[in-house]
Structure formats: structure tokens, C-alpha cells
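Enquirer: Sharing a model that was predicted from the sequence below.
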Amino acid sequence: MSQDVEVSVVLPAYNEEKTIEHTVKTTLDTLASFLPPGSFEVIVAEDGCDDRTPELADEMEAAYPAVRHFHSDERLGRGGALERAFEASHGSTLVYFDTDLATDMRHLEELVESVRSGEYDIATGSRWMPGNEIDRPAKRGIPSKGFNTLTRLFLPSDLLDHQCGFKAFDREALFSIMDDVEDNHWFWDTEVLVRAQKEGYRINEFAVDWTPMEDTKVDLVRDVFGMGSQILRVWYEFSVNPRINRTTTLAAGTVLTLVALVLMTQYLDFSQVITEMQGADPVLIGIAAVVYLVSWPLRGARYKDILDKLGFREKTGFLTGAIFISQTGNLVFPARLGDGVRAYVVKTRRKVPYPSGFASLAVERVFDLLTITVLAGSVFILLALTGFTSVDGFTQAIAQISGERGQSGRYALYLAGFVGAAAISVTALIVASARTDRNYIRSFITRISNDSYADYVAGVLERFAGDVQVVANDKRAFARVGASSLLIWTLDVLTAVLVFAAFGVDLPFTTLLAVGFFAVSVGNLAKVLPLSPGGVGLYEGAFSLLVVALLPVSWELALGAAIVDHAVKNIVTVIGGVASMLLLNVSLTTAVKESRDVPEVEAVDN
């Protein structure tokens, strides 16, 4: 029969025991009303059901020659189940619709014949075109309208309804697109439609009568994280990624920095900034530089502990030099191209394979992010919980700012405390999952969502936790890497505090230290955005903003201190990087070029 099949209808099914028999019989009867016998098949793409759907699908496969059942032990997601069934189908016209039959089946002939006739490559029903009947409650209609509006706004699409579960495809057209479709869940058909329009395929969108057959609820993971993030992903792939290169990144970073400087002139007296910098105590600034220099051997020691767990034993001095070189690369080149330099150095000088080099870098970055999150989150909570009750130097300063700015300051700090508590909770969840065989991340995500997108989100966080797990399984190694990370960033903060002291800020040391932890953490998080070499401008802006918000100091002083603080750290980095390049005989430009040429699969395959 497979040689005669022209039309393959796929029914994606998850726990459909109440409706699957009726849906299959209705589908067979409707297809038989306009197609010759033996020219169609109906495939039940059963997606890891835990009810009686598999048994019922087997019974229908035995009873009807045109029915086939594909079972999956695990959830593939709607898109994954559709792709698997389409690949095994026999028809040249491929169709799918939702098993609840919300779309009136009288439209099936128009759907199929639009593609089968060769007039269109793709056909899709629309609930938002004029001329149809639709019974859609506001709680479903508003999110749908919002999603489709965002899709048209960010992606190259002229369609009114991307998510209607009633579509047909020419086999060759679909398969030419399918390999590029990354989503395996609810965004799958939207991505197919968007990519089809980008490739110039002919699409017939026609009005259908539609009635919801069951209630639905807004799902935080699916609707907000899942669908929203997928729109941004495809937008980035289509609109941003093709334009990203060294020249455009450097130009964008430079323009943003210049715009920021121009805007600053509207509320800052730069002559006063320079005056503040000239009046700084050079001795304290020198001490700050020495304190920051001390953190570098600690970075090397931490990197040594990480590589030890990967099976490579190297000396701390060499690894410190490799870090110096890579961080110097980040100061010279945009888009954090220096990150790959370290993998190049340890590969060419110590034969550490690229996968291990990139994995070790990922582990280090994870510990840096976790440490920064904990530091910033802890200060968030400290500000919110003690900022209005205690009378020590720190809280007096915070209370003063709150009093000057009224209730908005109080609410801002309470909100900061909530955000900090959330950040620390997520960090604790990741670390706990990394330290045990029990999967805390997946169990937490699935508690707030039962959608297949929950598996996708849990997978992302699990990969993050997996990087930590490289060292987390060894309690002593985990303690050493965690403690060294905390000490490294504490010295980073202490450097900033000493620079502030050099500017003659008349505040208690405990106040400066607490706010310094917060400002340095947020400033370094801002540097994650690869908009300028070394995060110049991003760090200073975020640092100054937080300092002015939390301390009774002027913008001019805050910006001057931020500039000097970042300059001290960058100068120490460059001096160490140049010395390390001379000692290890490494060309920075060659290292960047070679590290960029490493195949992506080699870089991440560990």
C-alpha cells in the first residue's frame, strides 16, 4: 500500500485515551470522502503517553489497514513526535492536526488539496482571518494574539496565525526546512512557517472554524520562557548573527560607548571627574594594584584544580600565564574572543586537547557566575533586611539614601532583597543538583510545568550543573575551587574599595565593603555582554549607577573611582599578559585566529 499513498496524516498524541479512537475514525471517514481508497494513511505519533493511548492505538492499527502507530517511550515534544512520524511516512503530501479536532473537519479537503494540487507548498488554517467562526475565550485569545503579534514583529512573517494545529506540507518543501528547525516542542510549526517564508515557499493561509475542546492554562515555562525565548533565538539567527563579526562588534561597542559618553555630558561635569581622579591618593591606588595582582596566582591555582579533575596536571605558574594571556585577549579583541585563547595556549604548550580546554574554561566561568551571584544576592538581602532597623555605619548610609528618596528607595531595596533571595535559591539548586545523583533541577521545573518544554528548560540547567559537577563530585576539590573563587572575587572587591578610599570617601569601611561587593558584582555581570573589548564602559556604567544609588556620593566621584578601578585592573592584566606572552612565546593574534578556527563540534564535544 505504501507505494500508492499520496497523503500522510499525522496525529500527535499525548494522553489522548478519551478522544483518540473518535479522532482516528473521524479522520479516516473524512479522508475517504475526497481521496481514493488506499491513497492515504493515518499515523498516530504517540509521544510517551502514560495512559491507555498506546494500547488503543495498537488496536486501531490492527483494525484499520490505513492506520499506523509510532510509540515513543520518552517525551519527544510535539515537534519531535511530528518529525519522527513524517520521516517514516510514505505520502508526498504531509498533514497534521490536533487530536481534539478543534478545527472543523470540513476544512480538511481544502487543506490537503491546496498542497496536493501543487498550487501551494504549505497550507495552514487560521483562527484570526476574517470569515470564520471562532469560539475563543479571552484567556486563550489574548495570549495567542500577543504571540502572533510578537512573531510578526520580530520574525519575517506575514501570517496572522502561526500556532493553529491544522497544517499541510509538500514533502520536499518540509524536508528542505526541517533540518534547520531547532525547536522540538510547541514552537516547531511556527519555526517551520517562518523558515518557509524566508525560503520563498508558497503558503496558503485560509480561515477555519475553530472551537476549543478543552480548557487550557497559561504555562510559565512553555508560554513565557519557551515560546518567548524561541522567538528571540530565531530573530537572533536571522537578524543579528549574520551581521556579527569583529568589525561590526567593535564598531557597535565603540558607538555605544560614545553615545554613553555624550549622554553623560548632559548630567556630568567631566572636568570635575578629572579633578576627582587627580586628587586620588596614589599610594592607596598602588596598594589596590598589589591586592589585585595577588588574585592572579589564585586564578592559576583554581584552574589547576579544575584541570586536575579532568586528568591533566600542570603547574600553577604556567596556568596563571595562560589566564593572563586570555584575559589580555579579551581586553584587545571584542566579543570575548580571548576566552578561546586559553584553550589554544594549553593545547599548543601542554597538549591539553581542545575539548578539555574549553570544558575547563566553562567550569571556571560557572564558578565565577555562581560566586558573583552569591555575592550580589547576599548584599541584596542584607540591604533589604537590615537597611532600616540597624544603626551601624552601613545601614545608616542606606537609611539616609532611602529617607532622601522616599518610599521608592524602600521598595527598591525590598525588591532587591527578593531578587537576591531568588538568585541565591537558584544557585543553591544548581549546586545541590551537581553534588548529588538526585535531580533537583528537573523535579523543581516539572513541579511548575507539566509541558514538554519543561524537559527542554531542565536540560539547559542540567548542562550548567554538569559543568559544576566536573569538580563537585570531589568534595575537597569543590571546596577548594569554591573557596578560591570566593577569595578571588573578594580581592577584586577589595581593590575597588581601596580605590574608593583613595578618593577620600568619608564613609565607614564596612559600608564601602558591602556596597563594593554589590557594585563590583553587578559591574562584572554587565561585562558578560560582548559589546566592547574588556567590557570598557559597561563596567564603569553599571558600577557608577549602583554606587550613586546606594551611597551619598556624587556621579563625578563614582565615575572617576570606577574608571580608576577598572584601569588598575586592566593595566595589571595587560602587564601580566605581555610578560606571559614573552615567557611562553605566544602571539596573541595567532592564538585568537587559531582558537576561532577550532570546529565547534570539537570545541564542545567533551
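Expert: Now that the structure is in, tell me what you want to look at.
Enquirer: now the helices: where do they sit in the stretch 501-606 of the chain?
Expert: Secondary structure of the stretch 501-606 of the chain (DSSP state H, counting those that start in this stretch): helices at 509-526, 538-550, 555-584, 588-596, 600-604.
Enquirer: For the stretch 1-150 of the chain, just list every one of the strands.
Expert: 7-13, 40-47, 67-72, 93-97, 122-126 (DSSP state E, counting those that start in this stretch).
Enquirer: Can you give the domain ranges for the protein?
Expert: Following automatic domain parsing, the chain resolves into domains at 2-241, 246-604.
Enquirer: Lowest average confidence across those, which one?
Expert: For the domains of the chain, mean pLDDT drops lowest on domain 246-604, to a mean of 70.
Enquirer: What segments of the stretch 151-300 of the chain are strands?
Expert: Secondary structure of the stretch 151-300 of the chain (DSSP E, counting those that start in this stretch): strands located at 166-170, 203-207.
Enquirer: As CSV, could you dump the C-alpha coordinates of the last one?
Expert: Taking C-alpha atoms only, strand 203-207 is exported to CSV below (Å, rounded to 0.1, in the frame of the first residue of the first chain):
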residue,chain,number,x,y,z
ILE,A,203,1.9,29.4,1.7
ASN,A,204,-1.9,29.3,1.7
GLU,A,205,-3.4,30.7,5.0
PHE,A,206,-7.1,30.3,5.0
ALA,A,207,-9.9,30.9,7.6
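Enquirer: got the buried residues for that strand?
Expert: 203, 204, 205, 206, 207 (16 or more other C-beta atoms under 10 Å). Using the backbone N, CA and C atoms, a C-beta is placed for each residue, glycine as well.
Enquirer: go on, stretch 37-56?
Expert: 39-49, 53-54, 56.
Enquirer: and which of those is nearest residue 495?
Expert: residue 48 (52.9 Å; C-beta to C-beta).
Enquirer: And the closest one, its phi and psi?
Expert: Dihedral angles of residue 48 (phi, psi; degrees, to the nearest 10) stand at phi 60, psi 40.
Enquirer: Tell me how far the nearest residue to it once chain neighbours are set aside lies from residue 553.
Expert: Of all residues not flanking residue 48 in the chain, residue 75 sits nearest, at 4.2 Å (C-beta to C-beta, 6 or more residues apart in numbering). Distance from residue 75 to residue 553, counting by C-beta to C-beta, to the nearest Å: 54 Å.
Enquirer: same question, residue 108
Expert: Distance from residue 108 to residue 553, by C-beta to C-beta: 70 Å.
Enquirer: Who has more neighbours out of the two?
Expert: residue 108 (24 against 20; other C-beta atoms under 10 Å).
Enquirer: circling back to that earlier point, so which of the strands of the stretch 151-300 of the chain comes closest to residue 302?
Expert: Going by C-beta to C-beta, the one of the strands of the stretch 151-300 of the chain nearest residue 302 is strand 166-170, 52.0 Å.
Enquirer: what's that closest one in contact with?
Expert: By C-beta atoms under 8 Å, 6 or more residues apart in numbering, the residues outside strand 166-170 that reach it are 92-98, 103, 107, 111-112, 114-116, 120-125, 189, 192, 208.
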